[in-house]
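Q: need a 3D model of the following:
(one chain, ligands or ions: 1)
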Amino acid sequence: MTGQPSNAVGVPTSRVEGRLKVTGAARYAADFPVDDVLYAVVVDSTIGRGRITGIEAGAATAQPGVRAVLSHLNAPRLPYRDNTGSNNPAGQRLRVFQDDQVRFFGQPVAVVVAATLQDAQHAASLVEVDYEAEQPSFDLDSAPANDPETYARGTADQALTSAPVRLDLTYRTSRNHHNPMEPHATIASWDGDQLTVWDKTQWINGTQAELAAVFGIPLASVRVLNPFVGGGFGSGPRCWPHVTVAALTARQVGQPVKVVLTRRQMYFGTGFRPAYTYQLRLGADRRGRLTATTHHIRAETSRYENFQEGILAPGQMLYSMPHVSQEYRTVPLDVNTPLWIRGPGWATASYVIESAMDELAYQVGVDPAELRYRNEPERDESTDLPFSTRRLRECLAVGVREFGWQQRPRAPRARRDGDWLIGTGMAVSVYDTLRNAAQAQVRLAADGTAIVEAASSDMGPGTYTSMTQVAADALGLDLDGVQFRLGDSLMPPTPPHGGSQTMASVGSAVQDGCDSLRRQAITLAVQDRNSPLYGADPDTVIVRRGRMSPRDQPAHGETYRQLLTRQGRTHLEARGSFAPPTGPARFSMHAYGALFAEVAVDARLGIVRIRRLLGVFDAGRIINPALADSQAIGGMVGGIGTALLEHTVTDPRDGRITNANFADYLVPVNADVPDLRAIYVRGQDFEADPIGVKGLGELVHVGVAPAIANAVFHATGRRIRELPITADMLQ
Ligand code: MOS
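A: Numbers count the residues shown, from 1 in each chain. All right, here's what the predicted structure looks like:
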């Protein structure tokens, strides 16, 4: 620690960019005023698999305002260099307009560029594409799978045979789409060999690297800007084909081009949460202590890329047991490639494991919360490492108390309120504490105010605000003396703004840069004969409200401004960096939580209403409680969606997504959401990173769906092993 007083961190500060957002002054990707911009509209395939046999573009080309119609027939071949440092899964990424193959319904097969959006839309509707169609495959259970990823400790199959209590359960989860408010959009502009894109992205450096690889140009020739992102949920850490379409068409017509995906195009133009079939076998003793689990997992991926996510980890480390065996197979289907979304992998695994734990609790007659205590490990049994911090017991205890858990009847279907069956359920949440290398630049001006920069993104968690708070404390300035900037690839590089790693990674780089700038100023002062701090021990000097003074002599000292002005300096600068330690890991690092739900289920209609939802979270240090609550509410609302509403439906005949719109793809709205409550257990994790945070955005989503599913069982006595749980399943 720095000895600096903490005045800004921990305070529920409102979003510093809030005024810009509510007044409409915040510019999102499609909002940037770029001179002479043209509009591109993508034509999507209307078959799910096959090849293009002909494209008739004459009528489109002849339309007023149309500047170009491109397809694989006339688009330039692009280098598409390998990009190993990216988030691209193994395989060959979709190469737009490079061949006649159709790999999924909705694949871009042509693009029209025109003077106005209306011209482009109309002309795109006139492009005629002929296909030779084949029958696409969407059968997750029976299609051939890729080689499995496996894990084993002990002898799980044997141990299961001899276990006094055994369960063999198969769960299914459906495909979910991200559905952020802001559609994906890109404006691309070339100045000679220099490409500038305004893009909705959650990873500015990833988009930069991908465009450089696709076009075979140096990294320095690509600039990416994204100062505002209107939600992402994981749709944005990859650079999708439409970004290439924007850059390709802009280069071709020699003018800037804007591409905005329609809501419908978002369903196949970006990624999604893959559907899963997850068979879990579980063995335990009669007191509910786990002895063995086996996991047979199948998840969809595309035919051209193998998307895998962290589905295995929770089954290895969440509970104590000697025997575990896991097989995770991805199944190539005729779909576009999935991507991370809201607690990727961990949310799905937690749904299965926490539902099965609930089933076990009833089987052995142990309270579900008590069952978790009985299976609490002392170390991470997958790595044999100690936990950096694991306050799961505390989360459970606080949740049991605050929710009034003990008042529930043990038996299912035991409470009624008129037509409604009432039940409660709980589940544990867990998520990996991710961190990656990040840098930040700090500049203190002679007037005593600072600007801090890092590429990053802020898709909604409040990165602008939380970074400002960290910087203000480390510099010893008031909040309004610090401006944090992000969203430009010219700024210091940062990891993907996803996986709940921004606060730990970028926040630690910001703190490092501000610490070193503060020390630089203090050093200048104590070495300056004209400073009242001359000769002081720099380690005893702290900065408050821009004023350097010895810790025990607050009246003594001088301000940054006085120092810089007297020394005739325009500014001081420092570079901050963070990198997770290299070498073998010393700790198992995760964030934990306990979720408690109360539901009401209409006894005749099967409609499920959430009555109460409480989350108690061990996320390490909380930088801003208001922003944390905003994350928690958002994550829990997302969990209601996964549990009860969200389901992308595919027509098996051709792969068309039949509900690719906000009317038919259901997400929770206000009427679906009760008062939500989040509690954060006190604590910090300085093994994880120098600011003590463990990540929050995913944690608050994981565990919500199983808590709801378990409450539905308690209310009705019906165990639905499928998400979403819909009324028809409960009638
Ligand atoms: Mo996310 S799934 O943290 O973008």
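Q: what about Asp515, how many neighbours?
A: 18 (other C-beta atoms under 10 Å). In this view, the C-beta of every residue, glycine as well, is placed from N, C-alpha and C.
Q: just Phe686 next, same as before
A: Neighbourhood size, Phe686 [other C-beta under 10 Å]: 14.
Q: kindly state the pLDDT recorded for it?
A: Note on Phe686: pLDDT of 97.
Q: kindly report the same for Ser86.
A: We have a pLDDT of 81 for Ser86.
Q: now it: how far from the ligand?
A: If you measure Ser86 against the ligand using C-beta to the nearest ligand atom, to the nearest Å, the figure is 15 Å.
Q: give me the secondary structure label for that residue.
A: Three-state assignment for Ser86 (DSSP: H, G, I helix; E, B strand; the rest coil): coil.
Q: how far away is it from Ala313?
A: Separation of Ser86 from Ala313 (C-beta to C-beta, to the nearest Å): 22 Å.
Q: repeat for Ser355
A: Note on Ser355: its distance to Ala313, by C-beta to C-beta, is 18 Å.
Q: and these two? which has more neighbours close in?
A: Set side by side, Ser355 and Ala313 show more neighbours around Ser355, with 26 against 20, by other C-beta under 10 Å.
Q: now that one, nearest residue through space, not along the chain?
A: Spatial nearest neighbour of Ser355, excluding adjacent residues (C-beta to C-beta, 6 or more residues apart in numbering): Pro706 at 5.0 Å.
Q: need the contact list for Ala247.
A: Neighbouring residues of Ala247 by C-beta atoms under 8 Å, 6 or more residues apart in numbering: Thr186, Ala188, Trp190, Leu195, Val197, Leu211, Val214, Phe215.
Q: please, which helix or strand holds it?
A: Assigned by DSSP states H and E, Ala247 belongs to helix 241-253.
Q: give the burial count for Ser14, as a bare number.
A: 12.
Q: of all of the stretch 1-150 of the chain, which residue lies closest to the ligand?
A: Going by C-beta to the nearest ligand atom, the ligand is nearest to Asn87 of the stretch 1-150 of the chain, at 10.4 Å.
Q: any idea how far that residue lies from Asn436?
A: Per C-beta to C-beta, Asn87 is found 12 Å from Asn436.
Q: now list whatever residues contact both of the two.
A: Common contact partners of Asn87 and Asn436 (C-beta under 8 Å, 6+ apart): Pro496.
Q: Ala579 - how many residues pack around it?
A: If you count neighbours by other C-beta under 10 Å, Ala579 ends up with 13.
Q: next: Asp82.
A: Neighbour count of Asp82, defined by other C-beta under 10 Å: 10.
Q: Ala292 too?
A: When neighbours are counted by other C-beta under 10 Å, Ala292 registers 25.
Q: Ile679 too?
A: Ile679 has 15 nearby residues by other C-beta under 10 Å.
Q: now do the SS call for it.
A: With three-state DSSP as the basis, Ile679 sits in strand.
Q: dump the residue contacts of it.
A: Ile679 neighbours (C-beta under 8 Å, 6+ apart): Val398, Gly399, Glu402, Leu614, Gly615, Val616, Phe617.
Q: for beta bridges, what are the partners of the last one?
A: So the one you mean is Phe617. Beta-bridge pairing for Phe617 (DSSP bridges): Gly593, Tyr680.
Q: next, the residue nearest to Ser588 when sequence neighbours are not counted: phi, psi?
A: Computed as C-beta to C-beta, 6+ apart, the closest residue to Ser588 that is not its neighbour in sequence is Asp380, at 3.4 Å. Main-chain torsions, Asp380, degrees, to the nearest 10: phi -70, psi 110.
Q: and the gap between Asp380 and Val430?
A: 11 Å.
Q: pull up the overlap in contacts between the two.
A: Met317.
Q: tell me which of the two has more neighbours.
A: A side-by-side neighbour count of Asp380 and Val430, using other C-beta under 10 Å, places Val430 first with 25 against 21.
Q: from the ligand, how far out is Thr383?
A: Taking C-beta to the nearest ligand atom, one finds Thr383 at 23 Å from the ligand.
Q: helix/strand/coil for that residue?
A: Following three-state DSSP, the label given to Thr383 is coil.
Q: count residues in the vicinity of the residue of the stretch 1-150 of the chain closest to the ligand, would you?
A: With other C-beta under 10 Å as criterion, Asn87 counts 18.
Q: for it, give me its contacts.
A: Per C-beta under 8 Å, 6+ apart, neighbours of Asn87: Trp203, Gly206, Pro237, Arg238, Leu339, Pro496.
Q: out of those, who's near the ligand?
A: Here is what survives when the contacts of Asn87 are matched to the ligand using C-beta under 6 Å from any ligand atom: Pro237.
Q: just the contacts of Asn87 now: which is nearest the ligand?
A: When the contacts of Asn87 are compared for distance to the ligand (C-beta to the nearest ligand atom), Pro237 wins out at 5.7 Å.
Q: thinking that closest one is in contact with Lys200, fair?
A: No: with contacts counted by C-beta atoms under 8 Å, Pro237 stays clear of Lys200, the gap being 11.4 Å.
Q: between the two, which one's more packed in?
A: When neighbours are counted by other C-beta under 10 Å, Pro237 and Lys200 differ, and Lys200 comes out ahead with 29 against 23.
Q: the more buried one against Met181, yeah?
A: No: the pair Lys200 / Met181 is not scored as a contact, 10.8 Å apart, by C-beta under 8 Å.
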